[in-house]
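K.L.:
only geometry, no sequence info:
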Ligand code: NA
Ligand code: NA
């Protein structure tokens, strides 16, 4: 079905950013614009999701050229869910930023670039064209570079250089893959590619092409052994930025893998084995890393890596249940990881540091907020019945059926380490008293109530979404189930984009 | 007839480029090489462009473009040569040992990058860039 | 002077319009025709500069082309023979130009003339430093330049 | 000619990879640029190359009268060039900032100690 | 011999050889200014090559590229010389 | 039934906003909830005793089969009564015990949460629901153990407990899901029907192993037992409630619940007998060496848990009966002893039994409770403990194998130690002479000593009237476990038989042991020498090794050097691509399809490659930039040759601008240092050339494929007619694929903003966020 | 440091290059060129000016910060992209004036789109270069 307003989630952020650029250096108006923009964005995303949920997949032929000749945008349930989650996270981060970020950074374009980033993410989720996806990736990459370096402190620059180098490498792989793909099919439209690749006889060449996408998306989603950029950089930017990154960037990689490997390159045995090996190693790597880090955000970074492994494992098995696990985990992860970094920001705000050895006493001073944070942390660990628990059931189930014992071990190790480090963090940051000789600089305490609320409400918002996911898992599963059907049977997608003519040949 | 004109023009053009190239390779110092390039290349390329204009007599745009290119080359080539030559002298790229005179010696104020016109104001202690010992190319 | 030039241009456009063929050759022919007409009509006017200048420009063009080819041949010969014939040097060339534009044009043409290359112009615009390839005698060189390129050029410009 | 382009793109990739394995940040940048160029050539080559037939319709006609080069790879490369320019520009400035901070383009000098509270 | 073959087998090869010779200078250096100068010349010769090529292919569209080259190639040279000179200060 | 679970949860949540009020006057309401629940479940006794089983089903996540499937049978009811009954006592006790504590409200919040979780656990008829509550008990226990969170030891114990039980929890989850997969249902009551399927399934050992891991960790079986003594850092009510009476029995409950589904195989029997037997003896002996009251109780608890596992392992009818009774026996006397310990600790400020004596003079009722509990634990005839012990010996003596002797000896030996330990905890502090320092003590508030007295008294009452408890409670409990009629008849007197002799021998030997075993600090020191080989040390050692290994692993891969990351990424890419290429067969080239070679193209390529060589090898930065320009320019020429004027223009302008940019930045930088050794450069160039070669080969392979021009044909045909333009490339950029261009300009814009902010924004060092 | 030759030449080159950039912008639909190249050439014109006369002098010519060109350009392009949705068409659909305009040819939303691109490119290139050259480090 055609809907010409699919790109509204993109344009709302584009125009917000443009207006903010016009209001350059007017930080107050930028703040209002940002919160307003993300709020409208959220409404638009809800509308899109509701429409797709009730009426089925939508598409839009940009420039009014029929697919595969123009760029087509497709909103199926996966896309619109991702857009919705991005919008929720964006809204929360936007509110948090309005107080949680230094004015200096706002003066130099934080908000417009933040909106460009959201725009890029939404675009990437909605596009049905592989090269256009590359463009969105670049929008995301460049805005994240800028956000990463905003402030220009040494650690930030170090992180940014590594982040940049490896992400550009990822783009290079991705673009090379697109080049080869165009070379063998003469097409860029993903639905069209799906058909052409299926009819393409030289399967070995298709396999080679898929490697480039694995590499590109693998780097993007921080899969072992391509993950280095993530723990090198995520601990450096301001927390609001890190929240957007932690919640959404790697997940864009996972989304891309899901999309491209369900539609174009249906995983063969090799790919699945490869994914599985990588998944297990990714979990282990993330777990080991998280175990030894004492800086909260460094630890979170490794946890991101660890949990990417969970999702990749689900893709590796590529069955209904496994994919349900992955998609559910994806939904949960976006909400929780975003919140984790906001929490990190809050912790920095109340104590001036992120080093667990220097932190302490939060539970004593902020008991209610601490308990709310505890809920988020438990969701991350997957304490049942919170959100992280449900997808693991699917993953375990399918792993047993598929006899993926290494993955089961990885799931257990990953979950256990996550639990351990989070408990340790709880003990160190919240339970422990402030260590002797450490001066706490609590900037939060002296803020007016309104500003305090602006810091806490986003955490609360995301927390409630997480709780919703956990306690209303049934509703999420219904969505996840439909998404998984979309992924496993792509003919409705192809028919939606190309019409019935697609299957006539 | 027109073919012969074209052949001559293009040959002269191509050869002058070739000689310039040989010159660039063979000349013993930077300034000599630079001197060769400007003329030869503009003359050579100019002639080739004229060929193009003649080749497509009924296409106004080709002629226009050719004239434009020649004009731009004439305008920019000397400037580029001047800029790079000046920079080279300033950083002390040596002149060939056979150079007979260097009146630019000491005329640059190394701090302000100012160039004097009067020899009396020149920095008498400055060394000229003429290579005294060896072939400057190496 | 500008008036004549514009008039001349107008005439050549009218010619192109009349004949209806938009070729350069046709335009140039129209221009020359217009020049002739204007010259004949304005022989008694006091300001004859325009009518002298056009032939001078053409004259300079051929002079310059000749110099260009001549020196190119010289350089070519020098380049392809094993032995170097040149005697290079950097010469300070005093100028008495008045505007930036003049000095600029002069410098450009000196650079384009084979064997010479502008290295720099002094900040007070009173001297040009020229790298010369075939420098037999410094004063002789300056004199040739003064009477050659500089004079012909300034005649056109002033 | 295709074979030569194959060689060129291979060597562009190789040089790019070699340079990103160096310690100098300038070389890293050059490497990234070379990789970009290599990718462009790859797209150009694999999109099939045609000599002397630009995809511009003759001014006297409304459709192509002759075969013409595939315009799509060209458009893709154009986009890619512009994007890599954006990235390169930003990276170059990042290099400048790094140099101002650590007074070297050695990437190893940039590493922050783990303990440092950031 | 037709003009086409003359261009193909005489003019273009001469230009090619020229450009290669200049490149040898670029390769050899010895100083950066030599290289910058060689680059400038290579581009200028390239304009010639493009001209001849567009004559041969009868594609005047390609001359547009030559215009751009002629107009802005020297910016690179200027940038180089500007900073080569500036570098001396610091 | 669901409301009983929710009641605790809601109370727990209500304590968050209203906690402050409960700290003072309203605190009397706190024990109200468990009392009500206890009474509620008491009401079920007659119904359940008549053989009824109650079910409740409320949908929650039906697609996953996770629903509120609740089931109340004998086993559940026993546990419900324990949880709420002992809970009532504990709540009353704790209200006084913690009076005035700043986190009084939080404590009860956690306690409510725990109680609900525990109720949910034992009522669940759905294995995933069970697991949910299982984890909740771990979490609430984490908070309770770490309640005194300003003490490091307390935090550490909480961490250990959570790590061990959490680990078990994840294994359990895996096991439960596997069993659900195998049987095709998550309902426990349905699982029994699939018993044969499960037992014969090849993954049965795995199921068993995973579930055992869950149970053993939770129920502190060797070698996972060490978290339990550590957990005694928690306030005493917690130790009494969680770590003796209820939570640690969750593992036992689990084994009992799955008994009808999984038991009966050698694997089941021997594993449980082995682990349980070893645990009970090992920790019983350990308890003799302790001087800290809580420590003694912790080890005896472990021992009792071992006993239960042991009995479930034996798996005979008698063993099941013994287990179902012993659960109750143990809960009563152990809770009593803990509460007493709490009072002693509370009043005297010490738990060191070498310092405590004669307290009965000042703490009369407390001493009575302790004495009753100690006697029950010792199994003095006419106490409930006697019946429990009886049944245990009955069970070991009725094993149908040649193991009888060994099993009986182990059981007897364990019980002897337990008798001694029970006396140490229940008698020792109260008898003898009262030290002067304790003379001024007086009885605490009655809500503290009444609960232990009631619990201790129940041990006597149930012992005197075992038939009552047997018929109404334990019978159905045993039936639920055994999944059949166990024909249980509890009585004080079974006649003079082997069992009675064993009981008396045990009692005598235990009393004797109590008198000869004088606990002292030296003994503690002696046993501590063995700690190097204790599981805790081994675990900690492994944990440290894991941490060390993690550190090495993490630092090996993530070593801070960008080039090494690139190296790994490239090598990985090469590995994959080479494998794929090797599979894809030989390279084929159709030379006829190639465009002919011309001299100028060759020259451009030569120059390009030469420039490439300069870029990689020059020590001068400006030279490398010059060479980069040459490369860009050569590419530009190639675009001209191959019909891409737009590309050539853009490439050239952008290249010029990049050069300007580069020069602008670079002129200040020093020359390249040669930072790599020849060997490194050699290695890197091989890797790099390999990568290039791979790309070239792939390109050749793609070139062999036929060209498809469907889309470009469409563009060619429609460019002017529909899109009103003639330059197709520009049309693609501005129309067909205009969206690409739109957002590509955004990329440019962002880059510019980035440059601007990067250069202009200077933060103060204090500005971090 | 300054060169008189370059300064004088720039006085002529700046208008020529700007004119040329417009030319490239307008003809893009029919011949090689378009917003990108046009914008690049225009910005090169200013860069050249800044080389000859110093960045401050060029900033004076521009009057406003080049940064402010970016939102303007983006806004023009974005509006021309979104405009068709108000006519019930998908974004980016070409809208055309009925009549041909002399010199330029058909005027449509694509031209505005290209104009936006042109402005953004100028803004971007100049922001980058001028920020660098005006920052002392
Ligand atoms: Na030149
Ligand atoms: Na000359």
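P.N.:
Received it, and whenever you're ready, just let me know what you need. Not measured: the values here are computed from a predicted model. Ligands and ions are numbered 1, 2, ... in the order given.
K.L.:
what's around residue F:358, how many residues?
P.N.:
Residues near residue F:358, counting by other C-beta atoms under 10 Å in any protein chain shown, number 17. The C-beta positions use only the backbone N, C-alpha and C, and glycine is treated the same way.
K.L.:
Hmm, it is touching residue F:430, no?
P.N.:
Yes. Using C-beta atoms under 8 Å, residue F:358 is in contact with residue F:430, at 7.0 Å.
K.L.:
quick one: is the helix or strand containing residue A:176 near chain G?
P.N.:
In the assignment (DSSP states H and E), residue A:176 maps to helix A:154-185. No. On the criterion C-beta under 8 Å from any C-beta of the partner chain, helix A:154-185 is out of touch with chain G, staying 13.0 Å away.
K.L.:
Quickly check: the helix or strand just after that helix near chain D or not.
P.N.:
Next along the chain after helix A:154-185, taking DSSP H and E as the criterion, comes helix A:190-199. No. Counting by C-beta under 8 Å from any C-beta, no contacts exist between helix A:190-199 and chain D, the nearest distance being 12.8 Å.
K.L.:
tell me the angle of helix A:190-199 relative to helix A:154-185?
P.N.:
Helix A:190-199 and helix A:154-185 are oriented at 60 degrees to each other (axes from the mean of the first three to the mean of the last three C-alpha atoms, to 10 degrees).
K.L.:
Show me the strands in chain G, by range?
P.N.:
Ranges of strands within chain G are G:96-101, G:105-108, based on DSSP state E.
K.L.:
Return the set of buried residues in the host helix or strand of residue F:170.
P.N.:
In this structure, residue F:170 sits in helix F:152-183 according to DSSP H and E. Of the residues in helix F:152-183, F:154-155, F:157-183 count as buried by neighbour count, 16 or more other C-beta atoms under 10 Å in any protein chain shown.
K.L.:
name the helices or strands packed onto that helix?
P.N.:
helix A:389-401, helix A:405-425, helix F:127-145, helix F:188-191, helix F:195-200, helix F:204-218, helix F:227-231 (3 or more C-beta pairs under 8 Å, 6 or more residues apart in numbering or on different chains; DSSP states H and E).
K.L.:
which other helices and strands contact the fourth one?
P.N.:
Taking 3+ C-beta pairs under 8 Å, 6+ apart as the contact definition, the neighbouring helices and strands of helix F:188-191 are strand F:66-72, helix F:127-145, helix F:152-183, helix F:249-262.
K.L.:
can you put the ones you listed in TSV and add mean pLDDT?
P.N.:
Shown next, in TSV, are the helices and strands packed on helix F:188-191 (pLDDT from 0 to 100):
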stretch	mean pLDDT
strand F:66-72	87
helix F:127-145	89
helix F:152-183	89
helix F:249-262	88
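K.L.:
Which one, of those, ends up nearest to residue A:194?
P.N.:
Among these, the nearest to residue A:194 by C-beta to C-beta is helix F:152-183 (32.2 Å).
K.L.:
For chain E, give me the ranges with low pLDDT.
P.N.:
Within chain E, the segments meeting pLDDT under 70 span E:88-90.
K.L.:
Return the backbone torsion pair for residue 355.
P.N.:
In the absence of a named chain, chain A is used. phi -90, psi 120 (degrees, to the nearest 10).
K.L.:
please go with chain F instead
P.N.:
Per-residue torsions, residue F:355: phi -100, psi -20 (degrees, to the nearest 10).
K.L.:
Relative to chain E, how far out is it?
P.N.:
As judged by C-beta to the nearest C-beta, to the nearest Å, residue F:355 and chain E stand 79 Å apart.
K.L.:
Can you give me every residue that contacts whatever residue of the stretch 151-300 of chain F ends up closest to chain D?
P.N.:
With C-beta to the nearest C-beta as the measure, residue F:152 is the residue of the stretch 151-300 of chain F nearest to chain D, at 21.6 Å. Residue F:152 makes contact with residue A:432, according to C-beta atoms under 8 Å, 6 or more residues apart in numbering or on different chains.
K.L.:
In space, what's closest to the residue in chain D that ligand 2 sits nearest to - neighbours in sequence excluded?
P.N.:
Going by C-beta to the ion, ligand 2 is nearest to residue D:30 of chain D, at 36.4 Å. Distances taken as C-beta to C-beta, 6 or more residues apart in numbering or on different chains place residue D:19 nearest to residue D:30, at 5.3 Å, with adjacent residues excluded.
K.L.:
Packing partners of the strand or helix carrying that neighbour?
P.N.:
Element membership for residue D:19 (DSSP H and E) is helix D:2-20. The contact analysis (3+ C-beta pairs under 8 Å, 6+ apart) places helix D:2-20 against helix A:154-185, helix D:25-46, helix F:562-583, helix F:599-617, helix F:678-704.
K.L.:
Residue A:62 is nearest to which of these?
P.N.:
Residue A:62 sits nearest to helix A:154-185 of all these, at 18.1 Å, using C-beta to C-beta.
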